[in-house]
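1. what follows is a protein structure lacking sequence information:
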């Protein structure tokens with residue numbers, strides 16, 4: 001009974017925080033809500049009895065979001081408004097929705113496959129962590145690898161954006177020194 005109540009409370013809070021992430025115009029508010037949402041997702045793992053995954057969720061994902069928070073504060077002007085000019089909004093929305101649905105179907109196909117049970121070796125007295133490893137590297141291998149690729153792409157994009165910002169600051173410093181030498 002308590003698990004059901006906790007599930008609905010965590011679900012409402014998680015959906016609410018992720019709605020703030022999507023709807024917020026301020027990047028710092030969005031990142032704070034994202035960190036809170038990840039912590040509430042770890043609550044689902046604790047309800048299910050997977051304490052190891054709950055702790056990993058808190059430490060890894062919330063820590064990564066806090067690093068993102070620090071980068072956002074250091075490198076980006078969060079008060080600046082970004083305005084995009086999209087000419088064909090209906091086409092862009094339709095293509096993004098179709099590609100999202102296709103991606104979800106591709107990623108969820110291994111999760112609902114009935115033939116995946118044959119891949120599990122018979123392990124007697126396996127603990128929680130061993131079973132997590134078996135399930136993660138058999139049934140959930142494709143989403144696990146895609147998450148790793150997305151994290152790698154995000155890291156590379158962060159490095160590229162930071163280097164562009166540093167190059168702009170160097171150019172401004174050089175112009176300032178030249179103007180100072182002229183006077």
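-> Arrived safely. Please read these numbers as outputs of a predicted model, since none were measured by experiment.

2. burial count for residue 153?
-> 10 (other CB atoms under 10 Å). For the C-beta atoms, the positions are set from N, CA and C on the backbone; glycine is no exception.

3. what do you get for residue 67?
-> Residues near residue 67, counting by other CB under 10 Å: 12.

4. tell me which element it falls in.
-> Element membership of residue 67 [criterion: DSSP states H and E] is helix 63-75.

5. following element in sequence after that helix, please.
-> Following helix 63-75 in sequence, per DSSP H and E, is helix 89-108.

6. which helices and strands sit right next to the next helix or strand after that next one?
-> Going down the chain from helix 89-108, the next helix or strand is helix 128-136, by DSSP H and E. In terms of contacts (3 or more CB pairs under 8 Å, 6 or more residues apart in numbering; DSSP states H and E), helix 128-136 is packed against helix 51-56.

7. quick one: buried residues of the helix it packs on?
-> Across helix 51-56, burial judged by 16 or more other CB atoms under 10 Å covers 53-54.

8. list phi and psi for residue 43.
-> In terms of degrees, to the nearest 10, the main-chain angles of residue 43 are phi -60, psi -30.

9. what's the answer for residue 137, then?
-> Torsion angles, degrees, to the nearest 10, at residue 137: phi -100, psi 10.

10. check contacts around it.
-> Listed by CB atoms under 8 Å, 6 or more residues apart in numbering, the contact partners of residue 137 are residue 144.

11. low-confidence bits of the protein, can you list those?
-> Along the chain, the model assigns pLDDT under 70 to residues 73-86, 106-107, 109-124, 165-167, 169-171, 173-183.

12. do that again at 80, thanks
-> By pLDDT under 80, the low-scoring segments of the chain are 1-2, 25-28, 62-63, 65-89, 92, 102-146, 148, 157-183.
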